[in-house]
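Peer 1: My questions concern the predicted model and sequence given below.
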Amino acid sequence: MAPPSHRRRAPRPDRRGALRRRIPLRLALPLLVLVALAAMLMLRGYVHSEILADHRVQDPAPTTEVPKEILEGGPVIDARTGKAATLSVPDRRLVLTFDDGPDPTWTPKVLDVLKKHDAHAVFFVTGTMASRHPDLVQRMVDEGHELGLHTFNHPDLSLQSTKRIDWELSQNQLALTGAAGIRTSLFRPPYSSFSAAMDNESWPVTKYIGSRGYLTVVNNTDSEDWKRPGVDEIIRRATPENGKGAIVLMHDSGGDRSQTVAALDRFLPDLKDKGYEFDNLTEALDAPSAHSPVTGPELWKGKAWIFLVQASEKITDVLVVGLAVIGTLVIARFVLMLLLSGAHARRVRRKGFRWGPPVTEPVTVLVPAYNEAKCIENTVTSLMASDHPIEVLVIDDGSTDGTARIVEAMGLPNVRVIRQLNAGKPAALNRGLANARYGIVVMMDGDTVFEPSTVRELVQPFGDPRVGAVAGNAKVGNKDSLIGAWQHIEYVMGFNLDRRMYDILRCMPTIPGAVGAFRKSALEPIGGMSDDTLAEDTDVTMALHRAGWRVVYAENARAWTEAPETVQQLWSQRYRWSYGTMQAIWKHRRALVDKGPSGRFGRVGLPFVSLFMIVAPLIDVFLLYGLVFGPTQQTILAWLGVLAIQAVCAAYAFRLDKERMTHLISLPLQQILYRQLMYVVLLQSWITALTGGRLRWQKLRRTGVVGAPVNGTVQGGQVYNDDRRPVA
C-alpha cells in the first residue's frame, strides 16, 4: 500500500535562477536505450541505401558546353588545375575496373581469379558496401589493387547539389579510411560511360570533382556484364581492337556476377598470351599511386565509423533472427492457446464434470483495504449476496478516508473489521489469514464486486485434495471508456484465455488479486503472503507450484474490478505488475534446476512467463523497423496476419466467456496504441530492475463506478460521479 509521503528539499536554483531538474536513472536509461537502438537502425538503413538514397537518373542532355577535347579524348579526365585534359592508357595495357562493390559473394571470387592470373585491377567501391565489408577492402589493398570512389549511396551527381556531392565524397573516403587506412584520388561517377557521353549536366560535376582533387575515370571498353549476355559476349565486348590500351568496365556487385567471374577466368590468360598487361591505372599511366595513407584523428574517425556500422549490422542481424524466432513462437503460442483453452473448456463443461465432492463448508473472504471509501460498500454488499456460507474480514491497512468506519456502520453479520497501521497489502492479507476461522480463504481487492455464485464456483476445485489455489475470472467492470474497453479485451483474451492454457499445462503463474482462493494448509508452510516482491499474488502462486500444489482456473467464478481510467493510473499499475513479475521470476529462478514439481514449474512456467510477458514485445520493434526501412508492403501484410490471428483468439476468448463481440471493434487500435504503452512500461521495468531501483507501492484513485450485482447483473459502467475523468 502507499507509504506516507515524505518531504522534499526545495530544488537549488542554478546561476541563471532556473531549477535544476534531474531525470531519474530509471527514466533516463530507457530513453538512452531507445535512442541508441533507433540510431543503430537509422545507421543500418543509411548504409543499406534505405534512407537518404536518391535513385533518380538524369535524362540525356545536349553537349554544347562540353569541350571538344573532352568529348574526343581519353577515359581519364584531369580537371584538377582548372584546365581540363584527358589521358589514355598505352597500347597493350588494360586496366580492369569493377564497379559497385565490394560484394561478399562475388568480390572474393573476382579477387581469386585476379590473383590466380597475377593481374591487378581498380575497384570503384561505394561507401555503403565498403562500410559493410571492410575486410574485402583491406584484401584489395593487400593484394596490390587500386581503389577509387564511386560515391557513398550511388546517386546521379548531376541531380545533386555541391553540398551533397561533397558529402558523398567525404563519406566514401571515410569508409575507405576506416577499412584500409587510405585515401584515394580516383573517382568514377555513377551511371557514367564513355567520355564522349559527357553532357551539359554531367560536365559541371566533373569540373567540380576535379577542383576537389580527383581524377575522373570513365571507360572506353564496356563489357556490359550487368546485362548477363553470356561469357563469350562479355569477352568480346571487353576486348579492345587492334591491340589498343583500354579501361574495361566490369562489375563485382549488383546481382549475379557468375558470368563475369567465368569470363574473367578466360579473358585474362587469353589476352596475356596476346601480349597484354593488366595493371592498376597509375601503373598503366606511369603515375604515382592514387593511394595515400591516413593517420591521426582522421584514421580513428574512420575506424569508429566502421565499428559503428558493423555494430548496427550485428544488431540488425540479431533483430532479424529474433523476429523469426519470436514470430514463430508467438504464432505457436496462439495455436497452443487456442487448442489448450478449448480443451480446458470442454473438460470443465462436459456433463457430469466434478472436481471432487462438493465443497459446502464456510470459507473466509479477506478484503485488504487502503482508502477504499468509494468502493468498499459495493464490495461488501456484493459479498452479502453470496449463495455460499462465508465470513468476511475487512483488513483496514491504515486508511485515512474512513474505510473502516463505513464497513462498521453497515452493521452486517459475519463481517469483521480488523485495523492495522499501514504496512502494505501482503501484511494485511497475512493479518487476515491469522484471523480466518476456516480452512479455505478467498482473497479479493477492495475495488472488486462478486456475483452471488462467485465464491461457490471459486471453491469447488478444492474438492480435489491436490488443488492448493484457484484463480477466478477477473473482468473489467468499467469498460465504457476507451481505456476500459482495451483492458476488457486484455482481461478476456490476455488473462483468462491464458489461464485456461496454463491450467492444462499446470503452470499457472498468477492467482489474480481480484479473485482467488487458497488452502490455509498450503499457504502456511510457505510463509503466507510475502512482501519480497511487488507482485505478491504471482510470488505466492509460484511458491505453491514449487511446493507441489496444483493451481487451477474456475471460469465461472466471476469478479468485476475497477480498472484504471487514465493513462497515468494505468502506467502506475502495470509498472508495478511488470516489475513485480520480474522480481518473482528472479526470486524463483532456482526452480529451473530443481527436481520434482518445482523443477517442472521452473522449466515450463518460468520460460512461458519470461518469453511471452517480457520478450515477445520485441516483435513490434521489427514492425516499426520494417515500416521505416524494410519492405513496407510485406511488413504491413505480416502485421495484419498477426492481427488476424489475435482477432481469432480474441473472438474465441469472448465466445468462451460469453462476452459481446462488439467490444472487439477497438482491437486494431488497441494493438497500435495500448500495446505499445505496455511495452514501454515493460522496458522501464527492465531498466528499474537492472539498475537496482526500488519501486514502491502505488495507490490508484478509485471512483466506485463498479456497482454491486443486482439480480445477477453487475452495474459496471452505469454509475457516474464527479471523480471520473475523461480518458487521458
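Peer 2: Yep, it's here. It should be emphasised that the depicted structure is a prediction, and the values quoted were computed from it without experimental measurement.
Peer 1: for the chain, what's the longest strand?
Peer 2: Secondary structure of the chain per DSSP state E: the longest strand is strand 550-561.
Peer 1: and it, what does it pack onto?
Peer 2: On a contact count with 3 or more CB pairs under 8 Å, 6 or more residues apart in numbering; DSSP states H and E, strand 550-561 meets helix 297-349, strand 448-450, helix 454-459, strand 467-476, helix 498-505, helix 536-546. (Glycine included, C-beta is placed from N, CA and C.)
Peer 1: List the neighbouring strands of the next helix or strand after the fifth one plus their orientation.
Peer 2: If you walk from helix 498-505 toward the C-terminus, the next helix or strand you reach (DSSP states H and E) is strand 516-519. In its sheet, strand 516-519 lies beside strand 440-443 (antiparallel), strand 467-476 (antiparallel), with partners assigned from DSSP bridges.
Peer 1: Sketch out the low-pLDDT regions of this structure for me.
Peer 2: In the predicted model of the chain, residues 1-27, 29-30, 612-632, 689-728 satisfy pLDDT under 70.
Peer 1: Could you single out the most deeply buried of the helices and strands packed on strand 550-561?
Peer 2: Of all the helices and strands packed on strand 550-561, strand 448-450 has the most neighbours on average by mean count of other CB atoms under 10 Å, namely a mean of 28.
Peer 1: Would you list the strands that that one pairs with, along with their directions?
Peer 2: Strand 448-450 pairs in its sheet with strand 550-561 (antiparallel), by DSSP bridges.
Peer 1: ok so, going back, what would the helices and strands packed on strand 550-561 look like in TSV with distance to Trp226?
Peer 2: Converted to TSV, those look like this (distance: least, CB to CB, whole Å):
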stretch	distance to Trp226
helix 297-349	26
strand 448-450	70
helix 454-459	73
strand 467-476	61
helix 498-505	54
helix 536-546	61
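Peer 1: Of these, which is nearest Gly213?
Peer 2: Closest to Gly213 of these is helix 297-349 (CB to CB; 15.2 Å).
Peer 1: Centre of the chain to the closest one, how far?
Peer 2: In terms of CA atoms, centre = their mean, to the nearest Å, the centre of helix 297-349 is set 8 Å apart from its chain centre.
Peer 1: could you check the angle strand 550-561 makes with that helix?
Peer 2: 90 degrees (axes from the mean of the first three to the mean of the last three CA atoms, to 10 degrees).
Peer 1: Following helix 297-349 in sequence, what is the next regular element?
Peer 2: Next along the chain after helix 297-349, taking DSSP H and E as the criterion, comes strand 363-369.
Peer 1: Are there helices or strands packed against that next one, and which ones?
Peer 2: Applying 3+ CB pairs under 8 Å, 6+ apart, we find strand 363-369 packed against helix 376-384, strand 390-397, helix 425-435, strand 440-443, helix 454-459.
Peer 1: Can you check what angle separates it from strand 390-397?
Peer 2: Counting by the same axes, to 10 degrees, strand 363-369 lies at 20 degrees to strand 390-397.
Peer 1: any residues touching strand 363-369, and which ones?
Peer 2: 376, 379-380, 383, 388-397, 399, 403-404, 425, 428-429, 432-433, 436-438, 440-446, 455, 459, 517 (CB atoms under 8 Å, 6 or more residues apart in numbering).
Peer 1: and these, which are buried?
Peer 2: 376, 379-380, 383, 388, 390-397, 399, 403-404, 425, 428-429, 432-433, 436, 440-446, 455, 459, 517 (16 or more other CB atoms under 10 Å).
Peer 1: quick revisit: closest to Thr81 out of the helices and strands packed on strand 550-561?
Peer 2: Short answer: helix 297-349, nearest of these by CB to CB, at 25.2 Å.
Peer 1: one step back: Serialize the strands paired with strand 516-519 to a markdown table and add fields for distance to Leu41.
Peer 2: Listed next are the strands paired with strand 516-519 as a markdown table, based on distance: least, CB to CB, whole Å:
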| stretch | distance to Leu41 |
| --- | --- |
| strand 440-443 | 45 |
| strand 467-476 | 36 |
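Peer 1: so which of those gets nearest Arg558?
Peer 2: Set against Arg558 and scored by CB to CB, those come closest in strand 467-476, at 4.8 Å.
Peer 1: Helix 498-505 and that closest one, what's the angle between them?
Peer 2: Here strand 467-476 runs at an angle of 160 degrees relative to helix 498-505 (the same axes, to 10 degrees).
Peer 1: what's the next secondary structure element after strand 467-476?
Peer 2: helix 482-489.
Peer 1: which outside residues touch that next one?
Peer 2: The contact list for helix 482-489 (CB under 8 Å, 6+ apart) reads 475-476, 478-479, 563-567, 570, 650, 659, 663-664, 666-667, 669-670, 674, 717, 727.
Peer 1: Show me how to select, in PyMOL, the buried members of the residues you listed.
Peer 2: Here is the PyMOL command that picks out the buried ones among these, judged by 16+ other CB under 10 Å:
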select buried, resi 475+476+478+479+563+564+565+566+570+650+659+663+664+666+667+670+674+717
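Peer 1: quick revisit: CSV please, covering the helices and strands packed on strand 363-369 and showing distance to Arg346.
Peer 2: Listed next are the helices and strands packed on strand 363-369 as CSV, based on distance: least, CB to CB, whole Å:
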stretch, distance to Arg346
helix 376-384, 30
strand 390-397, 31
helix 425-435, 34
strand 440-443, 27
helix 454-459, 18
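Peer 1: And those: which comes nearest Leu96?
Peer 2: Between the helices and strands packed on strand 363-369, helix 425-435 lies closest to Leu96; by CB to CB that is 76.8 Å.
Peer 1: The longest strand of the chain: which residues count as buried?
Peer 2: Arg550, Val551, Val552, Tyr553, Ala554, Glu555, Ala557, Arg558, Ala559, Trp560, Thr561.
Peer 1: and the nearest residue to Ala591 once chain neighbours are set aside, what does it touch?
Peer 2: Using CB to CB, 6 or more residues apart in numbering and skipping the chain neighbours, the partner closest in space to Ala591 is Gly602 (2.7 Å). By CB under 8 Å, 6+ apart, Gly602 lies in contact with Arg546, His588, Arg589, Arg590, Ala591, Leu592, Val593, Asp594.
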